[in-house]
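[1] Kindly return the folded structure for what I paste below:
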Amino acid sequence: MFQSTTKKIVSEIDPDGFTLFPVKSPYDSQNCKPLHLLLKKKKQLFSSREHYAPTPFTLTDIFIDGQDLDFGLSSSIIACFSQDFSTSVKAQVCVDSGHVDVGAHVSGSSSDTMSSVEMRKHTISDRTLLDAAKDRKVNREHPFVKQMKNNMVYVILEVIETEHACSVNNSAKAATGLKFLMKLLKAEAEVGMSQEKKLTFPAGTSIAYKVSELKIGQNDTLDLNWEKCYECFKTSSSDKKEPLATILAELTKMCVDKKPLFLNVILEILGHGDSLTVLDEMLDQILDNLQPDFQVLDRTEEDNRACVEKMLDLLGIKREVPPGETLALTPESRAIIRATNILIRSLSEMDPETLILLASSVKAEIISKQLKLVTIIDDRWPDGPVYQREDEEDPEKFLITQFTDEEFEITQHVMEEVGFQLDRESASVLRIMNQKQGDVLALFAALYALNALCD
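    Prediction:
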């Protein structure tokens, strides 16, 4: 809930996504303050933006004299935000085969309400900081500096915080059922689930931050990185699909008995989106051949902790090995973990509502159709909005007509999240120009992985 809420707020106050980074976890909030240092992480597959990990270290910690900087911190109220959102989906699948009638249905709803939150911005300019740090030398022996891979220092110079306490309420309901009818047999089953969550943001909780890049010079003083350049991903999502599919195809090699267990855990994770951030971090550590830090789970909500522990158990990762020690992974295990990591990252890019829709798609058994649809229309129309011509017999038009009304409703909502608008009557498709390619690629990866597990 925390990450999905901060992402929504940032999308409103920084719609282009060029300036602010949403805080991912309430545990990171205390480290997302002015002058706190960040570790730069590897670029994500589904985003052209840089990614950073907050640390408890501040800029003054790495100076030789260790004295606080003397500067004026600008502070101002910038915005007030509130939200009231709800969505619902339902699907029904029926098969009539002679004397046997099998039917399955799934329905779900989700609503989010956020009380009005007033936000305050705390900021210091690059020039003010450098003037305050003039002639101050960096301690090359400091543990943080020694682990840096280059002379670049990433520091937080702007923070958006809550001015007063506020709360977020999330309500989710889901139901699945199975009906099996024969001449001499009638059986029905129904499973329902409801979940109520409430998250309180205390006053002063960091919502988002802005990063500045400084360079340690030859005399160990700081300066702006004038050589910094901003690179854009020129590779289309279509070009990235093939290597992604190759990695994710490892999930198809999973033993038959393990696939349903794995899929069930993924479905649980779809209902507990906050577990994605924790699992992503731990899988990164595993792929670096290190035992993940299980202590993070001790500060995680019980439901999210259970999801993460089940996934790690299926991947063969146990608590017994101390954190930081090298793991001995077989090539087969590493391939499955790498594929799982990509799936988790793709899901992390999505809103909670989309995760519920994907769970409904699995239950309705339409993942394979959705995968074909996404692949076809993204490959055909990689740039900008294009309407499908009425006289064309395109494969995507045929696929759309194969959905039942309920299946189409689920798929329509899923596709809207990544910039495709579907029309039921004309079986036409419109692509929205301002949608990010990374969103489409994330959906492709998620559908490909889920399809591999459902196969």
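
[2] Now do the contacts for the residue nearest to Leu314 when sequence neighbours are not counted.
    Distances taken as C-beta to C-beta, 6 or more residues apart in numbering place Phe262 nearest to Leu314, at 5.7 Å, with adjacent residues excluded. (C-beta placed from N, C-alpha, C; glycine too.) The neighbours of Phe262, taking C-beta atoms under 8 Å, 6 or more residues apart in numbering as the test, are Leu251, Met254, Leu314, Leu453.

[3] hmm, who's touching the host helix or strand of Thr375?
    Following DSSP states H and E, one finds Thr375 within helix 367-380. The contact list for helix 367-380 (C-beta under 8 Å, 6+ apart) reads 237-238, 241, 361, 394-396, 399-400, 402-403, 407, 411, 414-415, 418, 420, 429, 431, 440, 443-444, 447-448, 450-451, 454.

[4] Show me the helices in the protein, by range?
    2-13, 26-29, 126-132, 143-146, 237-248, 258-270, 275-287, 302-314, 331-348, 352-363, 367-380, 395-402, 405-417, 437-454 (DSSP state H).

[5] Show me how far the second one is from its chain's centre.
    Helix 26-29 has its average C-alpha position 17 Å from the chain's average C-alpha position, going by C-alpha atoms, centre = their mean, to the nearest Å.

[6] Then stretch 144-161?
    Remark: stretch 144-161 is offset 23 Å from the chain centroid, using C-alpha atoms, centre = their mean.

[7] ok so, going back, check the helices of the chain for me: which has the lowest mean pLDDT.
    Among the helices of the chain, helix 237-248 carries the lowest mean pLDDT, at a mean of 73.

[8] what's Asn304 in contact with, if anything?
    Contact partners of Asn304, counting by C-beta under 8 Å, 6+ apart, are His272, Asp274, Ser275, Val278.

[9] Next: Leu73.
    The neighbours of Leu73, taking C-beta under 8 Å, 6+ apart as the test, are Pro34, His122, Thr123, Ile124.

[10] Surely the first one touches Lys121?
    So the one you mean is Pro34. No - counting by C-beta atoms under 8 Å, Pro34 stays clear of Lys121, with 10.6 Å between them.

[11] that older thread, next one: the residue nearest to Leu314 relative to Glu50, how far apart?
    Distance, Phe262 to Glu50, using C-beta to C-beta, to the nearest Å: 32 Å.

[12] what's the answer for His164, then?
    31 Å.

[13] go on, Thr60?
    Thr60 is 24 Å from Glu50, by C-beta to C-beta.

[14] residues in contact with Phe201?
    Phe201 is in contact with Val117, Thr162, Ala165, Cys166, Ser167, Val168, counting by C-beta under 8 Å, 6+ apart.

[15] among those residues, which are in strands?
    Val117, Thr162, Cys166, Ser167, Val168 (DSSP state E).

[16] which one of these is nearest Thr128?
    Thr128 has its nearest neighbour among the ones in strands among the contacts of Phe201 in Thr162, at 24.7 Å by C-beta to C-beta.

[17] and that closest one, how many residues sit next to it?
    A count of nearby residues for Thr162, using other C-beta atoms under 10 Å, gives 20.

[18] tell me the pLDDT at Ser167?
    75.

[19] Make sure it is actually in contact with Leu199.
    Yes - counting by C-beta under 8 Å, Ser167 does reach Leu199; the two are 6.7 Å apart.

[20] circling back: now do the shared contacts for Pro34 and Lys121.
    Residues touching both Pro34 and Lys121 (C-beta under 8 Å, 6+ apart): Glu158, Val159.

[21] between those two, which one's more packed in?
    Pro34 (20 against 17).

[22] For that one, give its distance to Leu157.
    Pro34 sits 6 Å away from Leu157, going by C-beta to C-beta.

[23] Mutual contacts of the two, please.
    Residues touching both Pro34 and Leu157 (C-beta under 8 Å, 6+ apart): Thr123, Ile124.

[24] Run a quick neighbour tally on Asn219.
    Look at Asn219: counted by other C-beta under 10 Å, it has 9 neighbours.

[25] Distance check, it against Lys8.
    Applying C-beta to C-beta to Asn219 and Lys8 gives a distance of 45 Å.

[26] Then Glu301?
    20 Å.

[27] In contact with the residue nearest to the spatial centre of the chain, which residues?
    Using C-alpha atoms, centre = their mean, the residue of the chain that lies closest to the mean C-alpha position is Ser348, 1.5 Å off. By C-beta under 8 Å, 6+ apart, the contact set of Ser348 is Leu276, Thr277, Asp280.

[28] Compute the distance between Val145 and Asp135, please.
    From Val145 to Asp135 the distance is 18 Å (C-beta to C-beta).

[29] For the two, indicate the residue with more neighbours.
    With neighbours defined as other C-beta under 10 Å, Val145 and Asp135 compare such that Val145 has more, 18 against 6.
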